[in-house]
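Colleague: Got a sequence here, can you build the structure:
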Amino acid sequence: MLSVPSETQDNSSALQRSQTDANTSRSEIVIGIRHPQSAGRLMSHGMALANAFDGDVVLLHAMESRHSGALPVDPIEWDIQRRNIESLLVKCAKDYAKPDRPISTHILEGSCLEQISAYMIARPKEAVIVLGEGQSLPQETGKFAQAILASSQASILRVPSDGAHRKGSGYARILVPIDGSSRAESVLPRAVRLANAEESELILCFVTPPPGVAEIGVGDDKAAALRKQVTEYNKRIGRSYLDGITDRLSGDEVKISTRTIVGEDARRSLLQVAKEEKADLIIIASHGQSGHCDVPAGDVASFILKRSGIPVLMLRQSMK
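Modeller: Next comes the predicted model:
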């Protein structure tokens with residue numbers, strides 16, 4: 001995250017456009033169910049998104065085909081496994097469906113990477129994939145999450161294994177990191193919708209890195225004074241930027257607080273802020289100020305998605 005927002009004025013119209021898009025578009029909430037132990041906690045989080053975003057819900061399981069792999073698969077055992085999975089998905093759908101929000105089920109068969117990638121590309125709507133921790137994340141070996149990330153299509157809600165079911169109060173406090181870029185700010189309309197649905201407080205956070213001043217040998221008083229001066233300037237810029245965002249969102253009747261901090265490492269600083277603020281959820285854009293379109297997610301988003309001890313909703317935005 002950079003110290004000085006460079007796109008603030010241009011972002012106002014971009015934020016208004018994304019607000020309109022978020023209010024008019026429907027999402028598809030795809031909940032990846034692996035086993036009964038994870039079904040309940042993933043369903044509770046997925047249904048919260050579906051209610052907030054007026055989304056269609058799909059329960060998804062990916063399994064290898066009976067003909068894949070080096071060793072032959074017992075067709076009877078494979079059929080039993082598939083029926084058990086189907087029964088699990090149908091039960092979850094029945095338990096959580098509502099008259100105005102039906103739930104469909106889908107089982108993918110074949111190469112996990114190929115099937116999931118093809119499934120996501122074929123989605124006609126914006127999709128949010130709800131993943132449990134055991135389904136892996138960036139730089140790990142889990143094929144499910146790798147395929148989701150590689151598709152560069154779907155957003156991801158990652159639910160840690162120790163998150164259990166959502167608290168009775170839902171997401172009481174939602175942390176939203178923004179860095180002055182329209183990419184980072186693109187999550188705000190969705191964050192506002194979720195905050196409204198959950199009656200949550202939004203915590204907008206801006207991280208400014210400490211200024212670098214060349215020093216050789218013994219510490220230089222002049223360098224220290226210059227560093228302090230630039231740090232204070234960056235913090236003022238950050239506070240002013242967050243105040244402007246708060247003003248833009250004032251008509252949405254959402255409680256908003258702000259944090260401006262200085263951190264050597266924005267990734268770890270944000271996780272520390274989440275802990276200090278007792279946040280229940282982090283909403284972050286897949287790319288920010290320094291994002292590159294040739295990677296499925298930026299360094300900060302990938303780190304937080306993988307390391308956070310609370311649920312993280314990483315939202316995609318167009319990288320055109």
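Colleague: Distance of K222 relative to Q229?
Modeller: 11 Å (C-beta to C-beta, to the nearest Å). (C-beta placed from N, C-alpha, C; glycine too.)
Colleague: try R41
Modeller: 48 Å.
Colleague: Those two: who's more crowded?
Modeller: Set side by side, R41 and Q229 show more neighbours around R41, with 20 against 11, by other C-beta atoms under 10 Å.
Colleague: and the more buried one, what element?
Modeller: helix 36-53 (DSSP states H and E).
Colleague: Now do that helix: distance to the chain's middle.
Modeller: Here the centre of helix 36-53 is set off from its chain's centre by 14 Å, with C-alpha atoms, centre = their mean, to the nearest Å.
Colleague: quick check: longest helix of this protein.
Modeller: helix 221-248 (DSSP state H).
Colleague: Quick check: next helix or strand after it?
Modeller: Counting by DSSP H and E, the next helix or strand C-terminal to helix 221-248 is strand 255-262.
Colleague: which residues are in contact with the next helix or strand after that following strand?
Modeller: The first helix or strand that comes after strand 255-262 along the chain, using DSSP H and E, is helix 266-276. Helix 266-276 has contacts (C-beta atoms under 8 Å, 6 or more residues apart in numbering) with 1, 175, 177, 203, 205, 207, 209, 259, 261, 263, 279, 282, 299-300, 303-304, 307-310.
Colleague: Okay, strands next: where are they in the chain?
Modeller: 27-32, 56-63, 103-109, 126-132, 155-159, 173-177, 201-208, 255-262, 281-285, 312-315 (DSSP state E).
Colleague: Give me the angle between the third one and helix 36-53.
Modeller: Right, strand 103-109. On the basis of axes from the mean of the first three to the mean of the last three C-alpha atoms, to 10 degrees, strand 103-109 is oriented at 130 degrees to helix 36-53.
Colleague: Which neighbouring elements make contact with strand 103-109?
Modeller: On a contact count with 3 or more C-beta pairs under 8 Å, 6 or more residues apart in numbering; DSSP states H and E, strand 103-109 meets strand 56-63, helix 75-96, helix 112-121.
Colleague: do the shortest one as well
Modeller: Using 3+ C-beta pairs under 8 Å, 6+ apart as the contact definition, the elements that strand 312-315 packs against are strand 155-159, helix 188-198, strand 281-285, helix 299-307.
Colleague: Redo these as JSON lines? Include mean pLDDT and distance to T246.
Modeller: Converted to JSON lines, the helices and strands packed on strand 312-315 look like this (pLDDT from 0 to 100; distance: least, C-beta to C-beta, whole Å):
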{"stretch": "strand 155-159", "mean pLDDT": "89", "distance to T246": "24"}
{"stretch": "helix 188-198", "mean pLDDT": "95", "distance to T246": "11"}
{"stretch": "strand 281-285", "mean pLDDT": "95", "distance to T246": "16"}
{"stretch": "helix 299-307", "mean pLDDT": "86", "distance to T246": "22"}
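Colleague: Minimum distance to Q317: which of those has it?
Modeller: Among these, the nearest to Q317 by C-beta to C-beta is strand 281-285 (5.9 Å).
Colleague: quick one: contacts of the closest one?
Modeller: 171, 173-177, 183-187, 190-191, 194, 200, 270, 274, 291, 300-301, 304-305, 308, 310-315, 317.
Colleague: before we move on, the earlier item: so which of the helices and strands packed on strand 103-109 gets nearest I156?
Modeller: I156 lies closest, by C-beta to C-beta, to one member of the helices and strands packed on strand 103-109: helix 112-121, at 11.0 Å.
Colleague: what mean pLDDT does stretch 121-133 have?
Modeller: The pLDDT scores in stretch 121-133 average 78.
Colleague: Likewise for stretch 254-268?
Modeller: So the average pLDDT for stretch 254-268 ends up being 90.
Colleague: Give the burial count for the residue nearest to G132 when sequence neighbours are not counted, as a bare number.
Modeller: Once flanking residues are discounted, G132 sits nearest to S38: 4.4 Å by C-beta to C-beta, 6 or more residues apart in numbering. Close neighbours of S38, defined as other C-beta under 10 Å, add up to 19.
Colleague: same thing with the one 4 residues further on?
Modeller: L42 has 23 neighbours, counted by other C-beta under 10 Å.
Colleague: Looks like it contacts I31 (just checking).
Modeller: Yes: counting by C-beta atoms under 8 Å, I31 is a contact partner of L42 at 5.3 Å.
Colleague: what do these two both touch?
Modeller: Joint contacts of L42 and I31 (C-beta under 8 Å, 6+ apart) are V130.
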